[in-house]
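In: Got a sequence here, can you build the structure:
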Amino acid sequence: MGGSKCSSWLLFHDKVIRARQFTGTRARFCRATSGWSAPPIEGVLEQAGLLPIREYISRRQNTAIEYIATRPIYETALAARRRSAARHLGASDGGIRSTTATTTN
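Out: Numbering: from 1, shown residues only. Model (predicted):
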């Protein structure tokens, strides 16, 4: 996972734990079956007033996209990339350049 996704997941996980505590719907261990049981997370999130993680990640991505698209740095980066590509193409002559300067002895 990337850095922002990882931090989003950890923050969401913390919210889920707090939502379960808030609503009193924690997972419970059953000794008879040696298994865990918990109410569906969707219901817990709804009771706590939270949305599914995909919604929070989508909102974060949209905010980042809007920020990038509306800042002049995006156009600056594109122009720099084009200039860089043009320089590399100009230097592709193997280092041999024709000169018009005359040498004097």
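In: now the helices: where do they sit in the chain?
Out: Along the chain, the stretches classed as helices by DSSP state H are 3-23, 41-48, 53-69, 72-90.
In: Out of those, the one nearest residue 30 is which?
Out: helix 3-23 (16.9 Å; Cβ to Cβ). Where C-beta positions appear, they are placed from N, C-alpha and C, glycine not excepted.
In: that older thread, reformat the helices of the chain as TSV; add mean neighbour count, mean pLDDT and distance to residue 29.
Out: TSV is the format used below for those (neighbours: other Cβ atoms under 10 Å; pLDDT from 0 to 100; distance: least, Cβ to Cβ, whole Å):
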stretch	mean neighbour count	mean pLDDT	distance to residue 29
helix 3-23	13	74	14
helix 41-48	15	86	17
helix 53-69	12	89	25
helix 72-90	10	78	52
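In: Export these as CSV, with columns for distance to residue 32.
Out: Listed next are the helices of the chain as CSV, based on distance: least, Cβ to Cβ, whole Å:
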stretch, distance to residue 32
helix 3-23, 22
helix 41-48, 24
helix 53-69, 32
helix 72-90, 60
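In: List the beta-bridge partners for residue 30.
Out: Under DSSP bridges, the beta-bridge partners of residue 30 are residue 35.
In: these two touch, right, it and residue 38?
Out: No: assessed by Cβ atoms under 8 Å, residue 30 is found out of contact with residue 38, at 11.0 Å.
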